[in-house]
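Asks: sequence? don't have it. structure:
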């Protein structure tokens, strides 16, 4: 089965396309036609979908073609900030082989809270920005309308310049090309601990976070990783955020949340989401934070400063 | 393995220990050091005092037989700070003490008088690391007394990083310590973060000047953040370093090293478990 393509020609960068479906049959209809079109053009297809979806693609003849490569994103953890660099690495590796590349990327939405959903929406918006200037590639984003609530679905749809609907790939009229509008952060969970910090206080910041987390069971390597992450963010406040900041910590639903607020502004929407390049050696702290935390929320603007919330799952609910 | 960390008094100081002592203005040297110096006689150590700061009553505080070295002889009159003369004197006195039958050389260095004006923190770190290597390799005890009102807080914090031991009771000490642990080998303990990265960088530079093939023991290092790892990579790419081998790093340090992309970076640093 082949599908009809309209809209911009693929010259460079990402063709970011929405495919909303309901049920396995529709999932297969859209993804298999996409794969078959790619194989007909001798393109490589990278498939990154939840395990259950991967199995049904693999069971199809097209799914066993060696040009269809399955990627296990479960190893990346739940933080959607790790997806763009993973795609960047995979795309650049394939592009070096000289073949055009397509991708199918579906995130497992089950059990996602409001904070995670907001970050997933941002991830979809950021994809359009992240691959400007990359080799041409085409990403199909299947969304299960039975899993994602309609309001979220509408917001996510608006991040896709293209859509696959009824077998036709075309430009998406609902796409909104404008700066991302964040939802407000959820209020800090009461009771929370608050600690103002400045230069020389990094050890005290770690002590405060540890005092909040350890009684809830955070220990060992995960505790050390958390200490690294909070050190990086508090260090950023001191170096770039006016020399001081305020830490708030609480545990909510089995997750440790560490919130840092300072007077600085983070202007780079991709901060911490680019693969470290050989040079410069600086500017890798937020990358590390994204790798170590289950979720990172950043809200930054002139006038209001920067708030960074780190989520570390202690006991999955 | 050498002991590291805070000690409450100098009474239990042992051979091979190198102690940083930050002296408060109202504390005075005599009271705190009288037992340390008197213990020299008790243990059969040769006592050397670099500086003449046992005031206001130096005669009462200086044990019989102690060698008191005039700071002017060490410091010199040149415009460039030269700390190497202290090192040379300690080495000579340690050798002499051994030949004279003493158990060890017991040194109090009054840094307020020994450090020339204009000596930067990097110079002090370099000096202390060289001294630490000497103390670790000799039958010597070294106490470096830094007046709090003579040196700034940041300098004192950095200098404390390159002493395995520290005299104090009210503060937790610097975030990390780096000290000699054998030929060409240096141990780190604590946490290297952005508060200590500059001191770590200076310590690596100083250690590299002593041995271009550095071996770092991370067994007691709890954490190292991105700024610390960057300092490590930068040190490895600077002359005269030929290689840096890191041993005993915990899984968190190793995984962060990987995440930051340094395991494939073109720098002669190798992390081993």
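Replies: The structure has been received and is ready for your questions. Because the structure is predicted, anything quoted here is derived from the model rather than measured.
Asks: which residues in chain A form helices?
Replies: A:23-40, A:51-58, A:83-96, A:114-130, A:150-157, A:202-213, A:220-240, A:285-292 (DSSP state H).
Asks: List the buried residues in the fourth one.
Replies: Of the residues in helix A:114-130, those scored as buried under the neighbour-count criterion (16 or more other CB atoms under 10 Å in any protein chain shown) are A:115-128, A:130. No exception for glycine: its C-beta is placed from N, CA and C like everyone else's.
Asks: helix/strand/coil for the residue of the stretch 51-200 of chain B found nearest chain A?
Replies: Ranking the residues of the stretch 51-200 of chain B by distance to chain A (CB to the nearest CB) places residue B:194 first, at 3.9 Å. The three-state assignment at residue B:194 reads coil, by DSSP: H, G, I helix; E, B strand; the rest coil.
Asks: Now do the same contact list for residue A:304.
Replies: With CB atoms under 8 Å, 6 or more residues apart in numbering or on different chains as the criterion, no residue contacts residue A:304.
Asks: in the sheet, who's paired with residue B:214?
Replies: Counting by DSSP bridges, residue B:214 forms beta bridges with residue B:244.
Asks: wait, it sits on residue B:207?
Replies: Yes - counting by CB atoms under 8 Å, residue B:214 touches residue B:207, with 5.8 Å between them.
Asks: Determine if any part of stretch A:227-241 is in contact with chain B.
Replies: Yes - among the residues of stretch A:227-241, A:227, A:228, A:231, A:232, A:235, A:238, A:239 lie within reach of chain B under CB under 8 Å from any CB of the partner chain.
Asks: Grab the nearest non-local neighbour of residue B:138.
Replies: Distances taken as CB to CB, 6 or more residues apart in numbering or on different chains put residue B:94 closest to residue B:138, at 4.3 Å, once the chain neighbours are dropped.
Asks: mind checking the SS state of that neighbour?
Replies: Secondary structure assignment for residue B:94 (three-state DSSP): helix.
Asks: try the one 3 residues further on
Replies: Secondary structure assignment for residue B:97 (three-state DSSP): helix.
Asks: tally of neighbours for it?
Replies: Residue B:97 has 24 neighbouring residues, counting by other CB atoms under 10 Å in any protein chain shown.
Asks: which residues touch the residue nearest in space to the middle of chain A?
Replies: Taking CA atoms, centre = their mean as the criterion, residue A:80 is the residue nearest the geometric centre of chain A, at 2.3 Å. Residue A:80 makes contact with A:107, A:116, A:119, A:120, A:122, A:123, according to CB under 8 Å, 6+ apart.
Asks: nearest residue to the fourth one other than its sequence neighbours?
Replies: Right, the one you point to is residue A:120. Leaving aside its sequence neighbours, residue A:120 sits nearest to residue A:80 (CB to CB, 6+ apart; 5.1 Å).
Asks: what's the pLDDT at the one you found?
Replies: You'll see residue A:80 listed with a pLDDT of 91.
Asks: Now do the same contact list for residue B:228.
Replies: By CB under 8 Å, 6+ apart, the contact set of residue B:228 is B:192, B:193, B:194, B:196, B:197, B:200.
Asks: doesn't residue B:226 make contact with the first one?
Replies: No - the pair residue B:192 / residue B:226 is not scored as a contact, 10.3 Å apart, by CB under 8 Å.
Asks: Work out which residue lies at the spatial centre of chain B.
Replies: Central residue of chain B (CA atoms, centre = their mean): residue B:163, at 3.2 Å.
Asks: which parts of the stretch 201-317 of chain A sit against chain B?
Replies: The stretch 201-317 of chain A comes close to chain B at residues A:202-203, A:206, A:221, A:224-225, A:227-228, A:231-232, A:235, A:238-239, A:275-278, A:281-282, A:284-285, A:287-288, A:291-292, as judged by CB under 8 Å from any CB.
Asks: ranges for the helices of chain B?
Replies: In chain B, the segments counted as helices under DSSP H are B:29-43, B:58-61, B:71-75, B:84-99, B:111-114, B:121-137, B:153-160, B:197-210, B:226-236, B:251-259.
Asks: Check which helices and strands the last one is in contact with.
Replies: In other words, helix B:251-259. Applying 3 or more CB pairs under 8 Å, 6 or more residues apart in numbering or on different chains; DSSP states H and E, one finds that helix B:251-259 contacts helix A:220-240, helix A:285-292, strand B:213-224, helix B:226-236, strand B:269-271.
Asks: Outline the domain layout of the chain.
Replies: In the absence of a named chain, this looks at chain A. Domain assignment for chain A, taken from automatic domain parsing, gives A:4-171, A:193-313.
Asks: looking at chain B here, not the other one
Replies: B:5-170, B:177-271.
Asks: next one: the longest one to chain centre, how far?
Replies: Okay, so that is domain B:5-170. 10 Å (CA atoms, centre = their mean, to the nearest Å).
Asks: Test my guess that residue A:302 contacts residue A:264.
Replies: No - using CB under 8 Å, residue A:302 is not in contact with residue A:264, being 10.4 Å away.
Asks: And the two? Which one has more around it.
Replies: Neighbours were counted for residue A:302 and for residue A:264 using other CB under 10 Å; residue A:264 has more, 18 against 7.
Asks: Could you list the low-pLDDT ranges of chain A?
Replies: Scanning chain A for pLDDT under 70 picks out A:1-3, A:5-11, A:317.
Asks: which residues does the residue lying farthest from the centre of it contact?
Replies: Centroid-distance maximum for chain A: residue A:200 at 32.8 Å, with CA atoms, centre = their mean. Residue A:200 is in contact with B:157, B:195, counting by CB under 8 Å, 6+ apart.
Asks: for it, phi and psi?
Replies: phi 90, psi 0 (degrees, to the nearest 10).
Asks: which of the helices of chain B has the lowest average pLDDT?
Replies: Lowest mean pLDDT within the helices of chain B: helix B:58-61, at a mean of 52.
Asks: Ranking the domains of chain A by mean neighbour count, which comes first?
Replies: With neighbours taken as mean count of other CB atoms under 10 Å in any protein chain shown, the domains of chain A reach their highest mean count in domain A:193-313, at a mean of 19.
Asks: From one end of that domain to the other, what's the distance?
Replies: Across domain A:193-313, the terminal residues are separated by 18 Å (CA to CA, to the nearest Å).
Asks: now swap in stretch A:184-194 and tell me
Replies: So stretch A:184-194: terminal residues 20 Å apart, CA to CA.
Asks: buried stuff in that stretch?
Replies: Result for stretch A:184-194 [16+ other CB under 10 Å]: buried residues residue A:192.
Asks: List the contacts of residue 174.
Replies: By default, I'm working from chain A. Here residue A:174 is in contact with A:157, A:158 (CB under 8 Å, 6+ apart).
Asks: oops, chain B please
Replies: Residue B:174 touches B:157, B:158, B:160, B:161, B:166, B:190, B:196, B:199, counting by CB under 8 Å, 6+ apart.
Asks: Over to residue A:58?
Replies: A:64, A:70.
Asks: cool, and residue A:81?
Replies: A:119, A:123, A:272, A:273, A:290, A:296 are the contacts of residue A:81 under CB under 8 Å, 6+ apart.
Asks: in terms of contact, does residue A:310 touch residue A:290 like I think?
Replies: No - the pair residue A:310 / residue A:290 is not scored as a contact, 9.7 Å apart, by CB under 8 Å.
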